[in-house]
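S.K.: The following block contains a protein sequence and its predicted model.
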Amino acid sequence: MLPTREEAERILVEAEGCNPGPWGNHSRVVAACAERIAARTAGMDPEKAYIVGLMHDIGRKFGVKHLGHVYDGYHYMTQLGYDEAARICLTHSFSVPDIGEYIGNMDISREQQREIEDALAVVVYDDYDRLIQLCDSLSGTYGAVDMEVRMGDVKRRYGRYPQKKWDQNMALKKYFDEKTGTDIYEFLPQDTPEQSVW
């Protein structure tokens, strides 16, 4: 189940009130990019893509966290009965479904980490998982940025970017270029690294 577009937008605004920051606009950019790509991809629903894109980082409602935002978002959407959005909250940070590839602090308990590991172990990624992983990797706060530039910025800020994850993100870009029949950057809203603070 998913919230409606209007309900998802309301949930995001409410969440921003709890923890203001650039993550809210980043979520809107992810949603806009996902909607545009899905509209050009056979078999995908642009409305669903927009909604799950908007909700992917909703765990940030509960404070400034790293892996904690994945755990919190997954549980929050599950509690609201939005299992499809909960799934995206879980999978969006794992283009490689391995918790060891996570970039950032492991700021949840070992028991909670095991819960994420167990949940990831049974998920078979579909094109919505892949789409939001892609859009999360190329979305700034105002539009799309070159994914390699953004991943390079993450590497500078966190001191690492696992090569397996880097390669998988590039493969996702190629996958959706092929699905849409064009370079996706040609039809996405544009940002620049200088504008983006996310």
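M.R.: Nice, thanks for sending it over.
S.K.: Where does the prediction get shaky in the chain?
M.R.: Along the chain, segments meeting pLDDT under 70 span 192-198.
S.K.: now the helices: where do they sit in it?
M.R.: Secondary structure of the chain (DSSP state H): helices at 5-18, 23-39, 46-55, 67-79, 83-91, 110-122, 127-138, 147-158, 163-180.
S.K.: isn't Ser93 right up against Ile99?
M.R.: No - counting by CB atoms under 8 Å, Ser93 does not reach Ile99; the two are 9.3 Å apart. In this view, the C-beta of every residue, glycine as well, is placed from N, C-alpha and C.
S.K.: out of these two, which sits in the more crowded spot?
M.R.: Ser93 (25 against 16; other CB atoms under 10 Å).
S.K.: what's the nearest residue to the more buried one if we skip its chain neighbours?
M.R.: Closest residue to Ser93 apart from its sequence neighbours, by CB to CB, 6 or more residues apart in numbering: Val70 at 5.3 Å.
S.K.: what sits against that neighbour?
M.R.: If you count contacts by CB atoms under 8 Å, 6 or more residues apart in numbering, Val70 has them with Gly59, Cys89, Leu90, His92, Ser93, Ile116.
S.K.: for those residues, which one is nearest Asn19?
M.R.: Asn19 lies nearest to Gly59 out of those, by CB to CB, at 9.8 Å.
S.K.: How much space separates the closest residue to the closest one other than its chain neighbours from Asp129?
M.R.: Leaving aside its chain neighbours, Gly59 sits nearest to Gly73 (2.8 Å; criterion: CB to CB, 6+ apart). Distance of Gly73 to Asp129, computed by CB to CB, to the nearest Å: 14 Å.
S.K.: and what of His66?
M.R.: 20 Å.
S.K.: Show the contacting residues for Asn169.
M.R.: Asn169 sits in contact with Ser95, Gln133, Leu134, Ser137, Met147, Met151, where contact means CB under 8 Å, 6+ apart.
S.K.: Done for today, thanks.
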